[in-house]
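> dropping a prediction and its sequence here:
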Amino acid sequence: MPGTTTPSARIQVDEAALDAAIAEASFSGVVVVDVGGERVLERAEGWMHRGFRVPMRADARIAIASGSKLLTALAVLRLVEQGALRLDQRVRELLGHDLPLIDDAVTVEHLLGHTSGIGDYLDEEGDWSPADFPLTVPPHALTTAEAFLPLLGGFPQQHAPGARFAYCNGGYAVLAIVLERVAGEPFQAVVRRLVLEPAGLAATDHLRLDALPGDAARPYVFDEGDEEAVLRLPVQGSGDGGAFTTAADLHRLWLALLDGRIVRPETVALMTAPRHEVPGEGKRAGLGVFLHGEHDALVVEGWDAGASFRSTHLIASRTTVSVLGSTSDGGWPVIGALEPAIDAALAAGA
């Protein structure tokens, strides 16, 4: 029954293993477990601002990198529900002469499901590292989705549209351009209107890195030192990353999604139906969201300069486990320490 849980559904976190992972990684960020309307675990570690020695807070807004793709997908699907877009619509109809190397057969659904085969401007299957400086245009110029066009061009098609799953950041950057052209307003405003406001996510937004508010954790490139990620990232996020959120908003997002308060239940079913195995990661791909490899749980995650993030939602028990790390790598040992507890709870029927 929605909103209820049973004791057997509760995640039993190994606190000693969690402590060890936090210490190993010099973790800076937030770890929470929310069950229905109750928070059963909360850790805020490290610093929101290292220079001023501002301690991390459990309600800090933290960058989630590619976790933002779920917001982009939901905005696209809202427009599909409204009839402004179609899943089978060819993206070329909206791109016109822009990005000519994208195959004319690529559809909105291909981009959402990472099966478009387009060349990726940020290829995570290569030797990319969050410490790199991957942008070929000034970061301060990247304030709209349209501004990403110079970044996205010149990458040949990698395989035929629909042939296979291949994770693609560029596909979601293209979706943001589609959103702007169809809705006639900046990408960030589209997401705010179509997703954040209906879900009640007041603390979530694509914040400007050069004007972060006091309740936002600074994204640090390394586990030690004061080097922030601002020169490695667009000054304001677009379709493939860049949102800031809180642990509480993540739980609200999952509940709003599954309760049909963002998109219709039939759209939720479409998104959460497994389509492809994700090679080497023990996950399955839905449409705009990932699924646990074996059980009914939804996953979003992100890795970038100043962000190491995963949020897992166990559907039956309305439980959300979130790790929001404000450094590039510090979150991953903590995420790994929580995986056995998540798997055990799911195996027990959570």
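Okay, I see it.
> L175: neighbour count?
For L175, the neighbour count with other C-beta atoms under 10 Å is 27. (Glycine included, C-beta is placed from N, CA and C.)
> so it sits in a helix?
Yes. Counting by DSSP: H, G, I helix; E, B strand; the rest coil, L175 is part of a helix.
> you'd agree it is up against V108?
Yes. If you go by C-beta atoms under 8 Å, L175 and V108 touch, sitting 7.4 Å apart.
> between the two, what contacts are shared?
Residues within reach of L175 and of V108 at once, by C-beta atoms under 8 Å, 6 or more residues apart in numbering, are V76.
> so how far is R90 from G96?
Distance of G96 to R90, computed by C-beta to C-beta, to the nearest Å: 12 Å.
> list the contacts of the residue nearest to the spatial centre of the chain.
By C-alpha atoms, centre = their mean, the chain has its centre lying nearest to G67, at 0.7 Å. Counting by C-beta under 8 Å, 6+ apart, G67 touches G241, A243, T245, V300, E301, G302, F309, R310, S311.
> top of these by number of neighbours, please.
Highest neighbour count within those, by other C-beta under 10 Å: A243, with 29 neighbours.
> what's the closest non-adjacent residue to that residue?
Distances taken as C-beta to C-beta, 6 or more residues apart in numbering put S68 closest to A243, at 3.8 Å, once the chain neighbours are dropped.
> for E301, same thing?
Counting by C-beta to C-beta, 6+ apart, the residue nearest E301 is R310, at 4.0 Å.
> I'd like the average pLDDT over the helix or strand harbouring the one you found.
If you go by DSSP states H and E, R310 is part of strand 307-314. In this model, strand 307-314 has an average pLDDT of 98.
> what angle do the helix or strand following that strand and strand 307-314 make?
The element immediately downstream of strand 307-314 (helix or strand, assigned by DSSP H and E) is strand 319-325. Interaxial angle, strand 319-325 versus strand 307-314 (axes from the mean of the first three to the mean of the last three C-alpha atoms, to 10 degrees): 180 degrees.
> give me the helices and strands touching strand 319-325, please.
Applying 3 or more C-beta pairs under 8 Å, 6 or more residues apart in numbering; DSSP states H and E, we find strand 319-325 packed against strand 29-35, helix 247-258, strand 307-314, helix 331-347.
> assign T136 to helix, strand or coil.
coil.
> from here on, count from 101
Okay, using 101 as the starting number, the last item reads as T236.
> next one: it from G253, what distance?
Noted for T236: a distance of 10 Å to G253, by C-beta to C-beta.
> neighbour count: those two, which is higher?
Using other C-beta under 10 Å as the criterion, T236 and G253 rank with G253 on top: 15 against 9.
> and I122, what element?
Going by DSSP H and E, I122 is in helix 115-124.
> what comes into contact with that helix?
By C-beta under 8 Å, 6+ apart, helix 115-124 touches F127, V131, R143, E145, P433, V434, G436, A437, L438, P440.
> looks like the third one contacts V113 (just checking).
What that stands for is R143. No. Taking contacts as C-beta under 8 Å, R143 lies outside contact range of V113: 9.8 Å.
> phi and psi next, for the closest residue to L331 other than its chain neighbours.
The shortest distance from L331 to any non-neighbouring residue, by C-beta to C-beta, 6+ apart, is to P239 (6.2 Å). With angles defined as degrees, to the nearest 10, P239 sits at phi -60, psi -30.
> who touches P239 in this structure?
Contacts of P239 by C-beta under 8 Å, 6+ apart are L309, V330, L331, R332, L333, P334, V335.
> in strands only, show me those.
Nothing among the contacts of P239 maps onto strands, per DSSP state E.
> tell me which stretches of the stretch 101-250 of the chain form helices.
With helices called from DSSP state H, counting those that start in this stretch, the stretch 101-250 of the chain shows them at 115-124, 169-181, 192-195, 208-212, 249-252.
> closest one to L350 among those helices?
helix 169-181 (9.9 Å; C-beta to C-beta).
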